[in-house]
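Student: only the shape, not the letters, is given here:
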């Protein structure tokens, strides 16, 4: 997400060599932290290497009575921009990190993302926070560990990967991707922990290298996007992704067809998201211009999840209504008879609104048969759904 460059306050130094451990929740493959603004109620903020400054949702800013000035426009994945305001005289704090504050810089309407998450989405923090520490991202244990950047000394089994921060504070690294048919493509990749995806190839690269030809097997991308709204493209696979000495075989890949926005960048080859990053412990050491990737025991696991073939969003009081917003043709969902705007009432007799939507999404990545109850207008329908691997 692009935001104006505004200097943040310095963090309080960590007094000991021991890291400070901050738990997080993983919601639709996004790292969610509990923060406070001006001693507010606990708020849910996304930790995002694809963001720079502290951002608060516009409705939350209004609820908290924050002082707003001017107008800014912020873009990201997708062709649109979000109109927001500058925030004055507000700081955010992270419970467990005593004495630390940073300014909240922007107010943006994030409700559309909250609906997709099925979870409160009150704001975003990014590189202005990360660069105050060495940040270890431990997906398996659902914790961040914050180290004193001046005392940090890594002695693990991982590999140090040089990075540079672009003008927006995003970490760029050298990588290589090998298409199913064709020679390796080398260039700059962005590490985007705010992306729930795997690998995205930018649309100019897709076009220049004619990557959607030669009979490549793909399916239409649905429910993909970011701050700039919906993205377009095809989901398939590449033969290999290489970062440093690490090689990941056959990763799921979004071949972007966007004409504008972040995924139409001519400066980058690809975007690396959570599904790749979660194969590692990731150490973000911006002060030494590096990240460290330490493979986890699941590093070699193939990306062979099943797919249901529909997109859900939440709405209404307490986000208790789960609506189908898109259905992929020739998928388990379309074959079961699901349609856009159907309301998902229950799954195997359990109310659909009871678990978070992220847990529903994880459930539909397993190739089991589920009994769905659907409300379509005045009709109540029962239908079996069996997700399967499509790519």
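Tutor: Cool, the structure landed. No experiment lies behind these values; they were computed from the predicted model shown.
Student: quick one, strands of the stretch 251-391 of the chain?
Tutor: For the stretch 251-391 of the chain, the strands defined by DSSP state E, counting those that start in this stretch occupy 252-256, 270-272, 280-285, 290-295, 310-315, 321-327, 343-347, 350-351, 370-376, 379-385.
Student: tell me the contacts of the residue found closest to residue 294 once you drop the neighbours it is linked to in the chain?
Tutor: Nearest residue to residue 294, sequence neighbours excluded (C-beta to C-beta, 6 or more residues apart in numbering): residue 158, at 3.1 Å. (C-beta placed from N, C-alpha, C; glycine too.) Taking C-beta atoms under 8 Å, 6 or more residues apart in numbering, we find residue 158 in contact with 280-281, 283, 292-295.
Student: derive a ChimeraX selection command for the buried subset of those.
Tutor: Buried subset of these, written as a ChimeraX selection, criterion 16 or more other C-beta atoms under 10 Å:
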select :280,281,283,292,293,294
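Student: residue 232: which of the contacts of residue 158 is nearest?
Tutor: Closest approach between the contacts of residue 158 and residue 232, by C-beta to C-beta: residue 280, at 29.4 Å.
Student: contacts only, for the closest one.
Tutor: Counting by C-beta under 8 Å, 6+ apart, the residues that residue 280 touches are 158, 293-296, 299.
Student: how does it look with 10 Å?
Tutor: 137-140, 158-159, 243, 246, 291-296, 298-299 (C-beta atoms under 10 Å, 6 or more residues apart in numbering).
Student: out of those, who's nearest residue 37?
Tutor: Closest approach to residue 37 among the contacts of residue 280 (C-beta to C-beta): residue 137, at 23.2 Å.
Student: pLDDT check: weakest of the contacts of residue 280?
Tutor: For those, the weakest pLDDT value sits at residue 298, with 93.
Student: quick check: the farthest pair among the contacts of residue 158?
Tutor: Taking C-beta to C-beta, the two most distant members of the contacts of residue 158 are 283 and 295; they sit 12.6 Å apart.
Student: quick check: which ranges of the stretch 251-391 of the chain have low pLDDT?
Tutor: 354-358 (pLDDT under 70).
Student: ignore the last one, the stretch 51-200 of the chain
Tutor: For the stretch 51-200 of the chain (pLDDT under 70), the answer is 75-80.
Student: where along it do the helices fall?
Tutor: 58-64, 111-117, 127-130 (DSSP state H, counting those that start in this stretch).
Student: closest one to residue 199 among these?
Tutor: helix 111-117 (20.3 Å).
Student: report all helices and strands that the closest one contacts.
Tutor: For helix 111-117, the packing partners by 3 or more C-beta pairs under 10 Å, 6 or more residues apart in numbering; DSSP states H and E come out as strand 30-37, strand 43-47, strand 54-57, helix 58-64, strand 225-226, strand 310-315, strand 321-327, helix 357-363.
Student: which one is the residue nearest the centre of the chain nearest to, not counting chain neighbours?
Tutor: Central residue of the chain (C-alpha atoms, centre = their mean): residue 195, 2.4 Å from the mean position. Once flanking residues are discounted, residue 195 sits nearest to residue 273: 3.3 Å by C-beta to C-beta, 6+ apart.
Student: if we can go back for a sec, wait, the residue nearest to the centre of the chain touches residue 278, no?
Tutor: No. Look at residue 195 against residue 278 with C-beta atoms under 10 Å: they stay out of range, at 11.5 Å.
Student: what touches both of the two?
Tutor: Common neighbours of residue 195 and residue 278 (C-beta under 10 Å, 6+ apart) are residue 29.
Student: residue 264 and residue 290, how far apart?
Tutor: According to C-beta to C-beta, to the nearest Å, residue 264 stands 28 Å off from residue 290.
Student: again with residue 273
Tutor: Counting by C-beta to C-beta, the gap from residue 273 to residue 290 is 20 Å.
Student: the more surrounded of the two?
Tutor: Each of residue 273 and residue 290 has its neighbours counted (other C-beta atoms under 10 Å); residue 273 has more, 23 against 18.
Student: got the domain boundaries for the chain?
Tutor: Domain assignment for the chain by automatic domain parsing gives 20-147, 159-295, 310-385.
Student: can I get these in TSV with distance to residue 304?
Tutor: Formatted as TSV, these follow (distance: least, C-beta to C-beta, whole Å):
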stretch	distance to residue 304
domain 20-147	17
domain 159-295	9
domain 310-385	10
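Student: out of the ones you listed, which comes closest to residue 303?
Tutor: Residue 303 lies closest to domain 159-295 among the domains of the chain, at 4.9 Å (C-beta to C-beta).
Student: what about the strands in the stretch 51-200 of the chain?
Tutor: The residue ranges that make up the strands of the stretch 51-200 of the chain, judged by DSSP E, counting those that start in this stretch, are 54-57, 67-75, 81-88, 91-93, 102-108, 123-125, 134-138, 143-147, 159-162, 164-165, 171-178, 185-191, 199-201.
Student: pipe these into a markdown table and attach mean neighbour count and distance to residue 153 per row.
Tutor: Output for those, formatted as a markdown table (neighbours: other C-beta atoms under 10 Å; distance: least, C-beta to C-beta, whole Å):
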| stretch | mean neighbour count | distance to residue 153 |
| --- | --- | --- |
| strand 54-57 | 28 | 29 |
| strand 67-75 | 14 | 37 |
| strand 81-88 | 18 | 37 |
| strand 91-93 | 19 | 28 |
| strand 102-108 | 24 | 26 |
| strand 123-125 | 25 | 26 |
| strand 134-138 | 22 | 10 |
| strand 143-147 | 20 | 9 |
| strand 159-162 | 16 | 12 |
| strand 164-165 | 14 | 22 |
| strand 171-178 | 20 | 21 |
| strand 185-191 | 20 | 22 |
| strand 199-201 | 27 | 32 |
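Student: turn those into CSV, including distance to residue 372.
Tutor: CSV is the format used below for the strands of the stretch 51-200 of the chain (distance: least, C-beta to C-beta, whole Å):
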stretch, distance to residue 372
strand 54-57, 31
strand 67-75, 36
strand 81-88, 34
strand 91-93, 40
strand 102-108, 35
strand 123-125, 33
strand 134-138, 35
strand 143-147, 35
strand 159-162, 43
strand 164-165, 46
strand 171-178, 37
strand 185-191, 37
strand 199-201, 30
